[in-house]
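sequence-free structure coming up:
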Ligand code: IMP
């Protein structure tokens with residue numbers, strides 16, 4: 001049995017979905033273990049394109065069991081919407097999708113809490129507004145967290161919400177600072193009835209997914225873990241506080257799914273040929289060089305706009321210091337280099353090989369965001385290429401400058417490059 005994890009080694013949006021699609025046939029189970037509807041992946045099936053946030057990318061494969069494990073936070077209407085979207089093209093997941101009864105539930109007051117917190121100038125993180133952070137806060141705080149399994153007990157749920165919602169209303173009123181119409185108030189009774197309806201539909205999917213996965217592992221099934229977000233957004237090791245609220249590194253698999261780490265024997269680190277980031281936080285190689293600059297050119301060519309929020313992504317050069325840091329933390333065995341075609345046509349391509357921090361060069365990534373803000377990138381410049389590479393099928397089809405760029409990244413990160421992606425289509429892939 002081999003468990004595999006596909007994990008992004010930058011700030012998310014590394015095109016992990018394409019890698020999952022390429023290797024999806026090799027697995028019996030696909031698992032989400034962190035995050036929630038803050039993630040976004042585009043899935044094409046039966047000629048239709050879906051933007052999924054909660055369901056694992058592998059859900060569209062026949063004969064694959066999909067699992068949303070305990071580490072995920074779930075907004076039930078969104079989950080049902082995604083299930084319905086798939087049903088509308090004849091993809092019935094009634095028997096193939098399992099959701100953990102321990103996964104925590106997002107309520108609309110979580111989104112309202114987040115909206116108010118994000119509207120403060122101080123402490124703004126630039127979150128996706130999906131209630132992720134406040135829901136995890138309630139999980140860890142214990143008093144107000146509600147697990148999906150609790151939705152199956154109507155009286156219990158009504159009772160819990162009757163205590164939680166008045167507290168949340170008081171909290172929102174206090175944070176809303178007396179602006180009567182600037183925040184929403186919630187009614188415990190109607191919220192309970194609304195969520196009980198969702199529960200009826202989600203109930204057939206609910207189970208103890210930790211046991212399910214342990215039994216699958218014992219039976220020799222092949223399990224693919226899809227990490228959401230990127231390693232630099234990991235709450236413990238990312239650029240805190242500009243991170244998400246979960247462990248997006250593979251270290252989150254054990255706690256977020258209940259399957260011990262020893263079952264995960266292959267870690268595939270996914271990187272873009274450049275770097276992007278959405279939301280706030282330090283980004284040393286950011287190209288903030290105006291409407292005619294390279295940053296904007298990468299954004300346009302790479303269609304770098306957030307899947308969930310539509311926000312333009314911040315773009316910059318490849319940062320080998322950051323990727324070496326996350327490669328080590330994730331235990332990556334290999335890297336897959338995505339979107340290489342986006343760099344075609346640039347006269348030179350740059351790689352950040354060190355940081356200048358207060359006049360000293362360092363090749364170590366300071367995970368302290370405040371220190372990182374003061375890091376200036378030290379670049380190595382390589383020649384660019386102008387040839388169209390989107391039809392390349394093997395490394396030797398690539399211009400020598402592109403090959404040199406790939407080799408240098410592999411050398412700096414210290415890992416082999418196993419796949420190079422030269423376009424969005426499945427066929428536009430070089431296996432190295
Ligand atoms: P939250 O996860 O909504 O709390 O947002 C926290 C930070 O993570 C923000 O900077 C978001 O833009 C970023 N973020 C969350 N999910 C993703 C993702 O799937 N891709 C890229 N960035 C993300």
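The structure has been received and is ready for your questions. From a predicted model like this one, the values you see are computed outputs, not experimental measurements. Numbering: from 1, shown residues only.

could you find the closest non-adjacent residue to the residue of the stretch 151-300 of the chain found nearest the ligand?
Relative to the ligand, the nearest point of the stretch 151-300 of the chain is residue 279 (2.1 Å; CB to the nearest ligand atom). Quick note: C-beta positions are derived from backbone N, CA and C, even for glycine. What sits nearest to residue 279 in space, not counting adjacent residues and going by CB to CB, 6 or more residues apart in numbering, is residue 126, at 3.2 Å.

can you name every helix or strand that the lengthiest helix in the chain contacts?
Ranked by residue count and defined by DSSP state H, the top helix of the chain is helix 154-175. Secondary-structure packing of helix 154-175 (3 or more CB pairs under 8 Å, 6 or more residues apart in numbering; DSSP states H and E): helix 108-119, helix 188-202.

that one vs helix 108-119, what angle?
Counting by axes from the mean of the first three to the mean of the last three CA atoms, to 10 degrees, helix 154-175 points 20 degrees away from the direction of helix 108-119.

report the angle between helix 154-175 and helix 188-202.
Using the same axes, to 10 degrees: helix 154-175 against helix 188-202 is 130 degrees.

contacts for helix 154-175, please.
With contacts defined as CB atoms under 8 Å, 6 or more residues apart in numbering, helix 154-175 is touched by 109, 112-113, 116-117, 144, 146, 150-151, 183-189, 191-192, 195-196, 199.

in it, what's buried?
Using 16 or more other CB atoms under 10 Å as the burial criterion, the residues of helix 154-175 that qualify are 157-158, 160-161, 164-165, 168-169, 171-172, 175.

buried subset of the contacts of helix 154-175 as a ChimeraX selection?
In ChimeraX, a selection of the buried entries from the contacts of helix 154-175 looks like this (16+ other CB under 10 Å):
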select :109,112,113,116,117,144,146,150,151,183,186,188,191,192,195,199
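
about what we covered before: dump the residue contacts of the residue nearest to residue 279.
Contacts of residue 126 (CB under 8 Å, 6+ apart): 118, 242, 278-281.

mean confidence score for the longest helix of the chain?
Average pLDDT, helix 154-175: 95.

can you check stretch 217-224 too?
Stretch 217-224 comes out at a mean pLDDT of 96.

same question for stretch 296-309.
Per-residue scores along stretch 296-309 average to 91.

end-to-end on stretch 243-250?
The first residue of stretch 243-250 is 16 Å away from its last residue (CA to CA, to the nearest Å).

do it and the ligand meet?
Yes: Stretch 243-250 lies within reach of the ligand by CB under 6 Å from any ligand atom, at 244-245.

count of neighbours near residue 122?
Residue 122 has 5 neighbouring residues, counting by other CB atoms under 10 Å.

quick check, central residue of the chain?
residue 229 (1.9 Å; CA atoms, centre = their mean).

spell out the secondary structure type for that one.
At residue 229, secondary structure determined by DSSP: H, G, I helix; E, B strand; the rest coil is strand.
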